[in-house]
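1. What follows is a predicted structure for the sequence shown.
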Amino acid sequence: MKFIKKYFTKPTLFKKFLTFLFSPIHWAKMNYKKNYHLNFTHAKKLFIFDMSLLAFVIFLIGVTIFWFNYHPNIDQLVYLDINPSKDKIMSGDYIDYKITYKNESDKKLISPILTLKLPKNFLIEKIEPAKYNKSKNIFELPNLKPNDEGSIIISGWTYGTPDTNELITAVLSYRQDSRKVKEQKTVAFIKTLRNSVLNTEINISDKILSQGKTPITISLENIGEKNLHGISLLLPSTKEINFSNIQTDNGETKNNLWTISELSPKQKNSLTADIITDIKNYQKEITLNFTPNLTVNESSVPQKTISKVLALTYPQAQISVTWQNNLKQIKPTGVATLEMEIKNIGNITFTNAQIEIPLISGLIDSARINKLNLGKISNGAFIIDKNNLPALSEIKPNDSFKYNIQIPIVYWPQGGVDQTLNLSPRFQSELENITSAKYELSAQSPSIAIGTQLSLEAETRYYTNEGDQIGRGPLPARVGKETKYWAMLKIQNATSQIKNLNLSAELPDYIFLTGKSSVSHGQDISYDSVRKKINWTLADLPAYAQVGVYFELSLTPTSEMIGTTPIILKNITLTGTDNYLQESITQTIPNIDISLPNDQIGKEKGIIVIQ
């Protein structure tokens, strides 16, 4: 306070102010004494000349500054502004732009013209007032006296690309009443569209398979108030990503381009497809961009881009399929054990998995497979799921399990020559936290050779199926009377060649070979009368071939046979070698008698020996 009272009194401040005013004079005086006095003959004249020159330079600088800062224009006093009817504008909205002007100067504005520069995709619907030169985009306004004002409203549909800036410019040209030079006032409005009335929705799982297919639904909806035309959406497609099974509610797709000619207000159209991915570089995610386009004024206008960031999963299973004991071949009716090992070598957990084994109807006995294993048959495949095998409920990364399946072979193989059996189990599974996709992997078992099968049937006949009599003597057979029957043996081969086929049978003591016989392949039968044994051989019987061996037998019943059907042929045996497996085959059938089971005519006449 003492400092302020001492140095900031009125006399002190006044003295300092006078010192400031006279400081240039003091500076000039000191400069004269130092640089001119006693240094030059005409010191005073030279000093006055230098000071005059300095003053003139200062004057020129002042005039120059004034010249460059002086503007006779009054644009600063002309008010011009652009105001939209909405703060938030979407592409496709109906909007009013109000251009307000006012002469705030004291000068009269002569022949004012308002020029507008609108975005090319603004469709003008209405103008108030209507005095508008559309070809030049100008309004011719009346002269504006001081404080005169007015406004123009332009209404229409605005289209553009969301999140990009577009400039609307208004220019008011005029001249002052006292001048002939044209002046102008310019104002600009930056328009940023925040969204679009063409609403795009993408429905797809946040996680997709790196290799597989994932369903996707894309919906385009017009949420505006005016029909939209020429809509198109290009589906992203690369070497790693493709779309398949594309179906749409409306429009058409060609070369992954979905086009819709028109979309009315509140109308919604959808596209469904499968995204086929084949990404092997173990990247963590991919981004899919979808940008729909509108056609406005015959030009394509991109709308809001919808981006979907999708996490990539790499499900991968390893399946080992072998035959137990390294099985290489099997005979009909045998059971082969298929050993499977499944390991999760991916980075996602398998859930609700199942194993599906397509069955080969001509080789696998479907009825027996259900009895030997826990599972079910559906659509020609044997299916094992978590209900039969709890390990299939959840298989975490690096988990593995083994499972054996019993595969029964049919009695009579079919389908080709020298058949082999190889199975293709399919592993199918859902993926944890991915409800829209499934993982599938097939494996191939080693092949095993399936052996052939021989069929042997034998019967006695007195009549043929057509009713022809081939037997001789009384029927039913009578004691002491000779009756002759035909023994008919039928041989059928399955899938592979048979070598060294041999058919043998024995005659009871009371049965005799008459010498009549017939065979469809090879040589006639041979007969060992001592052993009462019949033989027939064939070196080679092809796959699926049939052979008939027929011969006549004679029976003269004794009284002990009354009321019976005596055996006529016994110990019937068929042997051979399966040339495919190089293994022997033997077939035996029961003895046959005179009961004529397949001879209806003969049965009606009588099959029991009578007196």
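-> Looks like it arrived, so ask away.
2. which secondary structure elements does the helix or strand hosting residue 429 contact?
-> Using DSSP states H and E, residue 429 maps to strand 426-431. Strand 426-431 sits against strand 317-323, strand 350-358, strand 434-442, with contacts defined as 3 or more CB pairs under 8 Å, 6 or more residues apart in numbering; DSSP states H and E. Using the backbone N, CA and C atoms, a C-beta is placed for each residue, glycine as well.
3. Which stretch among those is buried most, on average?
-> Stretch with highest mean neighbour count among these: strand 350-358 (a mean of 20; mean count of other CB atoms under 10 Å).
4. Can you tell me which helices and strands that one packs against?
-> strand 335-344, strand 381-384, strand 394-395, strand 426-431.
5. can you pull the buried residues of stretch 485-501?
-> For stretch 485-501, burial by neighbour count (16 or more other CB atoms under 10 Å) applies to 485-489, 491-498, 501.
6. I'd like the average pLDDT over it.
-> For stretch 485-501, mean pLDDT is 97.
7. Only the C-alpha atoms, please, for it, written as CSV.
-> What follows is stretch 485-501, C-alpha atoms only, in CSV (Å, rounded to 0.1, in the frame of the first residue of the first chain):
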residue,chain,number,x,y,z
TYR,A,485,-38.9,-140.1,-58.9
TRP,A,486,-36.6,-137.3,-60.1
ALA,A,487,-34.1,-135.8,-57.7
MET,A,488,-33.5,-132.1,-58.7
LEU,A,489,-30.5,-130.3,-57.2
LYS,A,490,-30.0,-126.6,-57.9
ILE,A,491,-26.7,-124.8,-57.4
GLN,A,492,-26.3,-120.9,-57.4
ASN,A,493,-23.2,-118.9,-57.0
ALA,A,494,-22.9,-115.3,-55.6
THR,A,495,-20.2,-112.7,-56.3
SER,A,496,-17.0,-114.5,-57.1
GLN,A,497,-15.7,-117.4,-59.2
ILE,A,498,-15.8,-120.9,-57.7
LYS,A,499,-13.1,-123.4,-58.6
ASN,A,500,-13.2,-127.3,-58.2
LEU,A,501,-16.9,-127.5,-57.5
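8. residues near residue 152, how many?
-> Residue 152 is flanked by 20 other residues according to other CB atoms under 10 Å.
9. what's whichever strand or helix holds it packed up against?
-> In this structure, residue 152 is located in strand 149-158 according to DSSP H and E. In terms of contacts (3+ CB pairs under 8 Å, 6+ apart), strand 149-158 is packed against strand 93-103, strand 122-128.
10. circling back: I'd like the helices and strands packed on strand 350-358 laid out as CSV, including distance to residue 561.
-> Formatted as CSV, the helices and strands packed on strand 350-358 follow (distance: least, CB to CB, whole Å):
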stretch, distance to residue 561
strand 335-344, 46
strand 381-384, 54
strand 394-395, 72
strand 426-431, 64
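11. Show me the one of those strands that comes nearest residue 234.
-> Shortest distance between residue 234 and the helices and strands packed on strand 350-358, using CB to CB, is found for strand 426-431: 29.1 Å.
12. contacting residues around that closest one?
-> 207, 209, 313, 315, 317, 319, 342, 348-358, 392, 395, 437-443 (CB atoms under 8 Å, 6 or more residues apart in numbering).
13. strand partners of that strand, parallel vs antiparallel please.
-> Partner strands and pairing direction for strand 426-431 (DSSP bridges) are strand 350-358 (antiparallel), strand 434-442 (antiparallel).
14. For residue 406, what are phi and psi?
-> Note on residue 406: backbone dihedrals following degrees, to the nearest 10 are phi -80, psi 120.
15. list the contacts for it?
-> Counting by CB under 8 Å, 6+ apart, residue 406 makes contact with 335-338, 369, 372-373.
16. try 6 Å
-> For residue 406, the contacting residues are 335, 337, 372-373, by CB atoms under 6 Å, 6 or more residues apart in numbering.
17. For it, which non-adjacent residue is closest in space?
-> Residue nearest to residue 406 in three dimensions, not counting chain neighbours: residue 372, with 3.9 Å by CB to CB, 6 or more residues apart in numbering.
18. Backbone dihedrals for the closest residue to residue 562 other than its chain neighbours, please?
-> Leaving aside its sequence neighbours, residue 562 sits nearest to residue 609 (CB to CB, 6+ apart; 5.4 Å). Per-residue torsions, residue 609: phi -60, psi 130 (degrees, to the nearest 10).
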